[in-house]
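> Generate a structure from the sequence data that follows.
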Amino acid sequence: MRILVVEDEKKVASFIKKGLEEQSYVVDTAFDGLEGERLASQTPYDAIILDVLLPKQDGVVTCQKIRHRGVSTPVLILTALGETDDKVRGLDSGADDYLTKPFHFEELLARVRALLRRKSQDKSALLQAGSLVLDPVTRKVEREGRQIRLTSREFALLEYFMRNKGQILSRANLAQHVWNVSFDMESNVIDVYVKLLRQKIDRGFDQPMLQTIVGAGYVLKDPDEND
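Sure thing, here's the model as predicted:
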């Protein structure tokens, strides 16, 4: 799942980004309200973490504008303001929840998980392709009952493949959804990660699931769909 963090304090943004990435989320960052509005309007994020006190355009106005653009992504407002009126103003702008600074990262993570569950029951349901099962909530992956251990990036990659089972995904598509907006398309890191993932989910099983489509990209198929 992909999350946008809009926070002008770069140390705070880096702290949140690192913590979320350790939980297998893909994270983009913006450091002012206008950039946050642009990214939120152009990219299909699963959640947005939005500070209130931002340069160029505050978080409340940013939230209002992306809602006016039809963006329904869950928004968690971060605020150093403790007054009830300020919290109400943030929620009235279209935000789904708020968290007052300073905060413990564990609480931030719990609120993000709650927003993602609230967004769609399908997002928290088990994903399955043949005997391969992925649980987005517990971050567990099994095939034929055998647990498969993945790194955070491998998990994010597999989750995206499973949410788009049977579809050919190009390198550009994978870069957009599994890596961040500054990803270098000249790098071969996607090919390396696909190879590592294929070794983990296919090695030791009779039928491969993750296939290379020459000149097009990659596709994850149920074993019984393979030629």
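
> from here on, contacts and neighbour counts on C-alpha atoms
Will do.

> per-residue confidence for residue 135?
pLDDT for residue 135: 86.

> correct me, but it touches residue 127?
Yes: between residue 135 and residue 127 there is a contact at 6.4 Å, judged by C-alpha atoms under 8 Å.

> What residue spans form the domains of this structure?
2-121, 126-225 (automatic domain parsing).

> Tell me which of these is the most buried.
The highest average neighbour count among the domains of the chain, using mean count of other C-alpha atoms under 10 Å, belongs to domain 2-121 at a mean of 18.

> Let me see the mean pLDDT of it.
pLDDT averaged over domain 2-121 gives 86.

> got it, and stretch 199-206?
Rounded mean pLDDT across stretch 199-206 is 88.

> just how off-centre is it within its chain?
Its chain's C-alpha centre and that of stretch 199-206 lie 26 Å apart, by C-alpha atoms, centre = their mean, to the nearest Å.

> and the end-to-end length of it?
13 Å (C-alpha to C-alpha, to the nearest Å).

> Also stretch 57-77?
14 Å.

> Repeat that for stretch 96-113.
End-to-end for stretch 96-113, by C-alpha to C-alpha: 13 Å.

> How about stretch 30-48?
So stretch 30-48: terminal residues 11 Å apart, C-alpha to C-alpha.

> Need the residues that contact the helix or strand residue 116 falls within.
Residue 116 is located in helix 105-119, with elements delineated by DSSP states H and E. Residues from elsewhere that reach helix 105-119 (C-alpha atoms under 8 Å, 6 or more residues apart in numbering): 16, 19-20, 46-47, 73-74, 76, 96-97, 99, 123-124.

> I'd like the distance from it to the chain centre, please.
Distance, stretch centre to chain centre, for helix 105-119: 12 Å (C-alpha atoms, centre = their mean).

> From what I see, residue 141 and residue 147 are in contact.
Yes: using C-alpha under 8 Å, residue 141 makes contact with residue 147 at a distance of 5.9 Å.
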